[in-house]
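Asks: Any chance you could fold what I've pasted below:
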Amino acid sequence: MTTVQPRLRMFAGPNGSGKSTLKEILKPEWLGVYINADDLEAEIRANGFVSLHDFGVEATQAQLRDFFANSTFLIKEGLTEDAQKIYFKSFLNQISISTGMAAIFQRRNELD
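Replies: Numbers count the residues shown, from 1 in each chain. Okay, here's the model as predicted:
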């Protein structure tokens with residue numbers, strides 16, 4: 001039996017360099033789970049939440065809260081208070097993150 005090797009593919013570049021175009025022309029099975037911070041922020045702002053189920057995340061609310069509470073990035077950037085405002089909602093075995101995450105995106109954008 002062959003062991004599947006986890007892989008990370010990252011597309012980086014300035015605005016207009018073709019990252020989104022590349023994502024559109026590549027086969028979905030080549031990409032796996034696609035994550036784009038701009039898309040996440042837009043979804044949170046439009047819907048008030050983002051479903052982690054769409055990204056293959058299987059975690060309990062306690063695990064997610066622990067992750068955010070102990071995130072070295074959030075601690076370093078002074079975002080732990082914002083992270084405490086994140087609202088987790090479970091439904092149909094899915095977990096969504098609420099608009100509290102939008103505050104983290106906004107603060108992160110301000111830092112860039």
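
Asks: Low-confidence stretches in this protein?
Replies: Applying pLDDT under 70 to the chain flags the ranges 1, 90-112.

Asks: Roughly how far does the nearest residue to Leu22 once chain neighbours are set aside sit from Tyr34?
Replies: Leaving aside its sequence neighbours, Leu22 sits nearest to Phe11 (CB to CB, 6 or more residues apart in numbering; 5.9 Å). In short, each C-beta sits where N, CA and C put it, glycine included. Going from Phe11 to Tyr34 by CB to CB, to the nearest Å gives 10 Å.

Asks: before we move on, what about Val50?
Replies: Counting by CB to CB, the gap from Val50 to Tyr34 is 13 Å.

Asks: Looking at these two, which has the bigger crowd around it?
Replies: Val50 (22 against 13; other CB atoms under 10 Å).

Asks: residue contacts, the residue nearest to Leu22?
Replies: Applying CB atoms under 8 Å, 6 or more residues apart in numbering to Phe11 gives the contacts 19, 22-23.

Asks: quick one, helices of this structure?
Replies: 19-25, 28-31, 37-47, 61-69, 72-76, 80-84, 100-111 (DSSP state H).

Asks: Make a markdown table from these and add mean neighbour count to it.
Replies: As requested, these are exported to a markdown table (neighbours: other CB atoms under 10 Å):
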| stretch | mean neighbour count |
| --- | --- |
| helix 19-25 | 11 |
| helix 28-31 | 9 |
| helix 37-47 | 14 |
| helix 61-69 | 13 |
| helix 72-76 | 12 |
| helix 80-84 | 15 |
| helix 100-111 | 16 |
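
Asks: closest one to Thr2 among those?
Replies: Closest of these to Thr2 is helix 28-31, at 16.2 Å (criterion: CB to CB).

Asks: quick one on the thing from earlier: can you redo the helices of the chain as CSV with distance to Thr3?
Replies: Below are the helices of the chain laid out as CSV (distance: least, CB to CB, whole Å):
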stretch, distance to Thr3
helix 19-25, 27
helix 28-31, 18
helix 37-47, 31
helix 61-69, 25
helix 72-76, 30
helix 80-84, 35
helix 100-111, 34
